[in-house]
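[1] can't give you the sequence, but here's the structure:
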């Protein structure tokens, strides 16, 4: 299986990047930006500078803003152009553990039953009060999963989300009010049945080939909302094609780059206000007979009408889908 690991970074090669580069049976792509170093070298890493991006023939690069996380999509395109079967989406501060790997893309798995709505998946991996970034705030004080909700079922996985130890992906409210270090318990692999949803991020996440269009990161929302919105759009689209979202144990340790939690909170406010609405819109928009690409575009058309993304999102998405179709 041709595996690519895609990262964006404005730093010289980090411990995480160098660790990924040493993994066997995978290729590492680091996408630069105008803030990135002029020279970048880590053995085994393909670095795509902003000047190389500008010389690309792909339409997408003309639409992407600079100094923006969404530049990462140029790395996805590089991986797809080079025959990726799976793409692992991660960041330059997520260090792979010795047992770093993802589960199979199909098989019998512990599965949360269908139509539970949003659940706090961290409940299964920790006894502490902790929740993933993007969980609707109305649920943070509730128990969302019962033991009776777990079944063993045969599933096809479109996206796997691996957890992160030490400083996991939580929101600014958690960090400002608690901030406790978290090392998750081992609970194994959990698949979410259709209609049962969870936020997932871009920090330790595997996409299979059929789901590559869903890698699209919206460019007209805030930094702390972009990957969460991507996930809220992706899940209904996956369900329409018979694929599911799965979670697995922590396989990376996050040594988080410096953050201003108050600025993070400000960036997350649209996520709190519009995340669940975006998911609900996508739920009623996707059609089982439509392709992944068509469902994706139709979802963003509805998000544009609702004012959740800007009108300029649609030409960018169209360029992304056009580039994928022409690879």
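    Cool, the structure landed. All values reported here derive from a predicted model rather than from experimental measurement.
[2] which residues of the stretch 201-327 of the chain fall in strands?
    Ranges of strands in the stretch 201-327 of the chain, per DSSP state E, counting those that start in this stretch, are 204-208, 244-254.
[3] could I get those strands as TSV with mean pLDDT and mean neighbour count?
    Just so you know, the C-beta spots here come from the backbone N, C-alpha and C atoms, and that holds for glycine as well. Below are those laid out as TSV (pLDDT from 0 to 100; neighbours: other CB atoms under 10 Å):
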stretch	mean pLDDT	mean neighbour count
strand 204-208	99	23
strand 244-254	98	22
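[4] List just the one of those that sits closest to residue 174.
    Nearest to residue 174, of all the strands of the stretch 201-327 of the chain, is strand 244-254, at 13.8 Å by CB to CB.
[5] Please name the strands paired to that closest one in the sheet, noting orientation.
    strand 94-96 (antiparallel), strand 150-165 (parallel), strand 190-192 (antiparallel) (DSSP bridges).
[6] In contact with residue 124, which residues?
    Contacts for residue 124 (CB atoms under 8 Å, 6 or more residues apart in numbering) come out as 145, 187, 190, 247.
[7] Go again with 6 Å.
    residue 187 (CB atoms under 6 Å, 6 or more residues apart in numbering).
[8] Now do the phi/psi pair for it.
    phi -80, psi -20 (degrees, to the nearest 10).
[9] Give me the pLDDT value at it.
    On pLDDT, residue 124 comes in at 98.
[10] Return the distance of stretch 186-198 from the chain's centre.
    Relative to the chain's own centre, stretch 186-198 is displaced by 15 Å; criterion: CA atoms, centre = their mean, to the nearest Å.
[11] Ignore what I typed, I meant stretch 157-172.
    With CA atoms, centre = their mean, you get 9 Å for stretch 157-172.
[12] pretty sure residue 215 contacts residue 75?
    No. The pair residue 215 / residue 75 is not scored as a contact, 9.6 Å apart, by CB atoms under 6 Å.
[13] Can you list the neighbours in contact with the longest helix along the chain?
    When the chain is parsed with DSSP state H, its longest helix is helix 261-285. Outside helix 261-285, the residues within contact range by CB under 6 Å, 6+ apart are 134, 136-137, 171-172, 175-176, 222-225, 228-229, 232-233, 236, 298-299, 302-303, 308.
[14] Please consider this matter closed, and thank you.
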